[in-house]
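> I need the structure of the sequence given here:
(one chain, ligands or ions: 1)
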Amino acid sequence: MGKIKLAFIGCGNRMGNHLNELKNFDDVAFVGFYDVRPERAQDKQARVGQGKVYDSLTEMLDDAKPDAVYIVVPPDQHGLIEPEVISRGIPFFIEKPLAIDKEVAIRLAEQVKEKNLMTCVGFQDRYLTFLPTLKEWLVGKEIGLVEGGWCGGLPRPYWYFKYATCGGQILEQGIHVVDTIRYLFGEVKTVYCAGGRGIIREEAEGYDLHDFATAVFTMQDGKIVTLQSALYDPKGCHNGLKIYAKGAKIIYNLRDSAEIQLPNETHFYKKTESNDMRINRSWIDALQTGDRSLILSDYEDGLKSVLIGLACNESVFSGNVIEL
Ligand SMILES: NC(=O)c1ccc[n+]([C@@H]2O[C@H](COP(=O)([O-])OP(=O)(O)OC[C@H]3O[C@@H](n4cnc5c(N)ncnc54)[C@H](O)[C@@H]3O)[C@@H](O)[C@H]2O)c1
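Just a heads-up that it's a prediction; the model follows:
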């Protein structure tokens, strides 16, 4: 294949991250930019000086005839865009969390499967340079407890403050740690999640999220994994994972490094390349070659992480343990 012709649906901050990587690849061409806020599409088009800004999604798909598209819209905007892309048989890269509505995500996964479309979900952490080494090291180790964390301040995109538009912090952000847990340890069997409010009192229009939550996952192999999540910027929360094995402690520092602490030695692994570069390069290579094994999470796989995030929401509101 020659240059892969790319078009973009949603031209905000995250799409800018992808563009920063893609513009360094010499085997891609930029053919279309669409955003409900046209100035954002214009801004991204100007960065690369190629392609056309469209004010209609379907016109872009039919006129620019992209080989693949990027769907990088807020979490509540999924459901109507994808069928336009899928029905035209266009492979797509899509940002997590895929959807905030379970039925929508499942329906879209079925449509993708029917067309046997190539897809890639933006779970960038899977492309960390040292993660395969860590995964391999963990095989066969006796592990009962794992602690995960994703804590920070309240993000500022206009859609972040409400469940109805962002889906809550675990589905929106903690999902990266959820996905790493799945990548390292397999599937989740049950989910329980408790959350609380009352710490965040600053002005954030319509804010209705939980300020903090802890989820407990029982894995299919019996491990117990906890995930701490908070938006009030608590001090000392470890973002990433702490894995307690018999005779070893493993610390994964989110998107940065990992340590395997043994009784007499410690192995340290530092990220050597950008995740964003690696996920985009893998996706373009998969499009160029047709080799789907380069894609570490496709729509069908990504849906499993999304269902865990949605189960956290169901549990936090109902108080029930959710079976997956
Ligand atoms: N994988 C990662 O590490 C990572 C990091 C950041 C964000 N994200 C995800 O990327 C997505 C976008 O986040 P962001 O930070 O870029 O948000 P953003 O608000 O900066 O950008 C979203 C853009 O989509 C546009 N938009 C809204 N509805 C649309 C529609 N129906 N059609 C076309 N365009 C539409 C908005 O105008 C905006 O320009 C979110 O789902 C977020 O979770 C992923």
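> I figured His210 was touching Leu171, is that so?
No: His210 is beyond contact range of Leu171, at 11.3 Å (criterion: C-beta atoms under 8 Å). Every C-beta, even on glycine, is put in place using the N, C-alpha and C of the backbone.
> Regarding the closest residue to the ligand within the chain, what are the backbone dihedral angles?
Proximity to the ligand, evaluated over the chain using C-beta to the nearest ligand atom, is greatest for Gly12 at 1.8 Å. With angles defined as degrees, to the nearest 10, Gly12 sits at phi -100, psi -150.
> Can you tell me, leaving aside adjacent residues, what's nearest to it?
Using C-beta to C-beta, 6 or more residues apart in numbering and skipping the chain neighbours, the partner closest in space to Gly12 is Arg40 (6.0 Å).
> What is the one helix or strand the one you found maps to packed up against?
Element membership for Arg40 (DSSP states H and E) is helix 38-48. Under the contact definition 3 or more C-beta pairs under 8 Å, 6 or more residues apart in numbering; DSSP states H and E, helix 38-48 sits against helix 13-22, strand 28-34, strand 52-54.
> Count the residues that sit near Arg292.
Neighbour count of Arg292, defined by other C-beta atoms under 10 Å: 12.
> Sketch out the low-pLDDT regions of the stretch 101-250 of the chain for me.
Along the stretch 101-250 of the chain, no part satisfies pLDDT under 70.
> which residues of it fall in strands?
119-121, 143-151, 188-196, 212-219, 224-230, 240-245, 248-253 (DSSP state E, counting those that start in this stretch).
> Please identify which of the ones you listed is closest to Tyr70.
Closest to Tyr70 of these is strand 119-121 (C-beta to C-beta; 9.5 Å).
> how far does that closest one sit from the chain's center?
On the basis of C-alpha atoms, centre = their mean, to the nearest Å, strand 119-121 sits 10 Å off its chain's mean C-alpha point.
> Nearest residue to Lys65 in space, please, no chain neighbours.
Leaving aside its sequence neighbours, Lys65 sits nearest to Lys5 (C-beta to C-beta, 6+ apart; 7.0 Å).
> Would you map out the domains in the protein?
According to automatic domain parsing, the chain comprises the domains 4-124+276-298, 125-271+307-323.
> end to end, how far does the last one reach?
Yep, that's domain 125-271+307-323 we're talking about. 26 Å (C-alpha to C-alpha, to the nearest Å).
> now swap in the first one and tell me
Distance between the two ends of domain 4-124+276-298: 19 Å, counting by C-alpha to C-alpha.
> Can you pull up the residues of this protein that come close to the ligand?
By C-beta under 6 Å from any ligand atom, the part of the chain that sits against the ligand consists of 9-15, 34-37, 40, 72-75, 77, 95-96, 122, 124, 157, 172.
> which residues in the stretch 151-300 of the chain form helices?
163-166, 169, 175-185, 275-289, 299-318 (DSSP state H, counting those that start in this stretch).
> Output the contacting helices and strands for the helix or strand just after the longest one.
Think helix 299-318. Downstream of helix 299-318, the next assigned helix or strand under DSSP H and E is strand 322-323. Counting contacts by 3+ C-beta pairs under 8 Å, 6+ apart, strand 322-323 packs against strand 188-196, helix 299-318.
> For the shortest one, give me every contacting residue.
Strand 188-196 has contacts (C-beta atoms under 8 Å, 6 or more residues apart in numbering) with 170, 181-182, 210-220, 225, 308, 311-313, 315-316, 319-324.
> re the thing from before, quick one: neighbours of the residue nearest to Gly12, just the number.
Look at Arg40: counted by other C-beta under 10 Å, it has 20 neighbours.
> Name all residues that make contact with the nearest residue to Arg281 once chain neighbours are set aside.
Among residues not flanking Arg281 along the chain, Phe25 sits closest, at 7.1 Å (C-beta to C-beta, 6+ apart). Residues near Phe25 by C-beta under 8 Å, 6+ apart: 280-281, 284.
> Against Val139, how distant is Phe25?
Per C-beta to C-beta, to the nearest Å, Phe25 is found 34 Å from Val139.
> thinking again about what came up before, secondary structure element for the residue nearest to Arg281?
Taking DSSP H and E as the definition, Phe25 sits outside all helices and strands.
> can you offset everything so residue one is 688?
Right, with 688 as the first residue, what we last looked at is Phe712.
> Reduced to three states, what does the closest residue to Tyr741 other than its chain neighbours come out as?
Using C-beta to C-beta, 6+ apart and skipping the chain neighbours, the partner closest in space to Tyr741 is Met747 (3.8 Å). Three-state assignment for Met747 (DSSP: H, G, I helix; E, B strand; the rest coil): helix.
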